[in-house]
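Visitor: Would you be able to build a 3D model of this:
(one chain, ligands or ions: 1)
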Amino acid sequence: MKNPFESLEIWFVTGSQHLYGPGPLQEVSAHAQEIAAALDANEDQPVRIVCKPVVTRPEEIRAVCGDADQDPACAGLIFWMHTFSPAKMWISGLNHLKKPFCHLHTQYGAALPWSSIDMDYMNLHQSAHGDREFGFICTRLGIERDVIVGHWQDQTTRGRLAAWSRVAAAWHHLRQTKIVRFGDNMRQVAVTEGDKVEAESVFGFSVNTHGIGDLAERIDAVTPQEVAALCEEYNQSYTLAPALQKGGASEVSLQTAARIEAGLRAFLEEGGFTAFTDTFEDLHGLEQLPGLPVQRLMAEGYGFGAEGDWKHAALVRMIKLMASGHDRGTSFMEDYTYHMSPERPLVLGAHMLEICPSIADAKPSCEIHPLGIGGKADPVRLVFDGKPGPALNASLVDMGNRFRLLVHEVTAHAPAEPLPKLPVARVVWESKPDFETGLSAWILAGGAHHTCFTYSVNTAQLESFARMAGIECLVIDAKTDLRAFRNELRWNHTAYGLQGLGR
Ligand code: MN
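Guide: Now for the predicted structure:
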């Protein structure tokens, strides 16, 4: 994936006023520049932080908010009130602002200068109440935003800003994402359905269909040279099963997979698509259900959802954008089967083929096996175990009057024993807070069987994403209590039924 952060900026905007004369305002400006430069210099900060002139009047605030909305490079803003900034000045600017912002609640000096503090110092360093005034107006106007509290030199504060910047940048790109679906959703499946018009209105991404024949045509146009080059790349990157090697009984099947991959990639590039879906029920003109090709395109950063699941194609793309540059693994996933052992019950996640090798614990094995459904030739796929470590599953569902993002924190483990007969990629994980509570909560919340599984993005980032989109977010983690969770579902059902929340 091309670096999604390099062309973007986060604007650092400091609020103040004229009550204390020009001297303090010059100090405010110097401090703002110093803080913005220090935050920008943080090596984990993915998006450039640009310091904007201090704003002190409603006209200036309106102008900077308007400029942010217009500037295609601006992914979001950081607001900070160094001194008091009477917040009626912010109403017009904030009411029009469409870009996401976070409120950085910090102070220039970390420690109180006990022996020298006087009224001048207090008047200059008063974000403790200036930021409360700003917070009031945001809440009064009903604006969702992140509030990051801490000293700007503190590594935790900087880390939270960097993490938020990743979400803002990914959100910026998601709003322009084009998703193509080859064929419709799998027949009769409920959870993969949804309102594509509403999705485009809420998230900005578009979802449009192409007949599978359009893709088949592009696959037919792939040259033998492209196929040969890809087969050589497979040979270098994976352990090829003997049948798929040069002269092997299924060498032609590997070439078919390569032709599908080249055609699919070209179709996506030529159409400007960065996420896609397919379905085993609609493969006319394709010899195999795309397995290896989909796995490799996901590893390149494309979003993918199987069986027409465009919501998870979008979510996989969004999370891959957020994780870009430090992705420890992010994949389309399905809760498949259980290990219901009393000591440590586990979920085995997999799909019929399409798991991203970015989550692989070791060099994947490239294999060919029959596929019982779809009625096509045996598909080539990468087989591997997922790596151990903390991870999460995220699911996006359409509740009819709103979108719900569900986040479930898990711990992935190495498989207890080898799985020599399982012909697909898989990963096993332990649910938080425990098997019974975690799965009860997931099912009560209507979480899908499809998810985006990732080691690289945390729950706080997905909550920020939900705030930017203005959608519901439910979290299942170590602290989840089922009775409280049931109440949250009940209260949200009522809250989103009221005008002004949800659609
Ligand atoms: Mn599925």
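
Visitor: ok, now which ones touch residue 5?
Guide: Shown in contact with residue 5 (C-beta atoms under 8 Å, 6 or more residues apart in numbering): 46-47, 165-166, 169, 324-325. Using the backbone N, CA and C atoms, a C-beta is placed for each residue, glycine as well.

Visitor: again, only this time at 7 Å
Guide: Residues counted as contacts of residue 5 (C-beta atoms under 7 Å, 6 or more residues apart in numbering) are 46-47, 169, 324.

Visitor: Please report how far it lies from the ion.
Guide: Counting by C-beta to the ion, to the nearest Å, the gap from residue 5 to the ion is 31 Å.

Visitor: and if you look at residue 202?
Guide: From residue 202 to the ion the distance is 24 Å (C-beta to the ion).

Visitor: State the helix or strand in which that residue lies.
Guide: helix 196-203 (DSSP states H and E).

Visitor: Mind checking what helix or strand follows that helix in sequence?
Guide: strand 206-210.

Visitor: Tell me the buried residues in that next one?
Guide: Residues of strand 206-210 classed as buried: 207, 209-210 (neighbour count, 16 or more other C-beta atoms under 10 Å).

Visitor: go on, stretch 319-329?
Guide: 319-324, 327, 329.

Visitor: Select from these every entry located in strands.
Guide: Of the buried residues of stretch 319-329, none are assigned to strands by DSSP state E.

Visitor: Looking at these, which one is closest to the ion?
Guide: Of all the buried residues of stretch 319-329, residue 319 has the smallest distance to the ion: 17.8 Å, by C-beta to the ion.

Visitor: residues contacting that closest one?
Guide: Applying C-beta under 7 Å, 6+ apart, we find residue 319 in contact with 330, 394, 452, 454, 457.

Visitor: Poorly predicted segments of the protein, please.
Guide: The model of the chain has pLDDT under 70 over residues 499-503.

Visitor: hmm, try it at 90
Guide: 18-24, 83-84, 123, 372-375, 497-503 (pLDDT under 90).

Visitor: Can you pull the residues of it lying near the ion?
Guide: Within reach of the ion by C-beta under 5 Å from the ion, the chain has these residues: 306-307, 334.

Visitor: Which members of the residues you listed occur in helices, if any?
Guide: The members of the residues of the chain next to the ion all map outside helices under DSSP state H.

Visitor: Find the centremost residue of this structure, please.
Guide: In the chain, the centroid-proximal residue (C-alpha atoms, centre = their mean) is residue 319; its distance is 2.4 Å.

Visitor: Distance check, it against residue 164.
Guide: Distance of residue 319 to residue 164, given as C-beta to C-beta, to the nearest Å: 15 Å.

Visitor: do the same with residue 258
Guide: Using C-beta to C-beta, one gets 41 Å for the distance from residue 258 to residue 164.

Visitor: Could you list which residues are in contact with residue 471?
Guide: For residue 471, the contact set (C-beta under 7 Å, 6+ apart) comprises 202, 402-405.

Visitor: again, but for residue 432
Guide: Shown in contact with residue 432 (C-beta under 7 Å, 6+ apart): 409-410, 438, 476-478.

Visitor: got the contact list for stretch 275-290?
Guide: 177, 179-187, 212-213, 216, 256-257, 260, 264, 268, 302-310, 313-314, 317, 353, 371, 373-374, 376-377, 379-380.

Visitor: Out of the contacts of residue 319, give me the two with the largest separation.
Guide: Greatest spacing in the contacts of residue 319, by C-beta to C-beta: 330 and 394 (10.0 Å).
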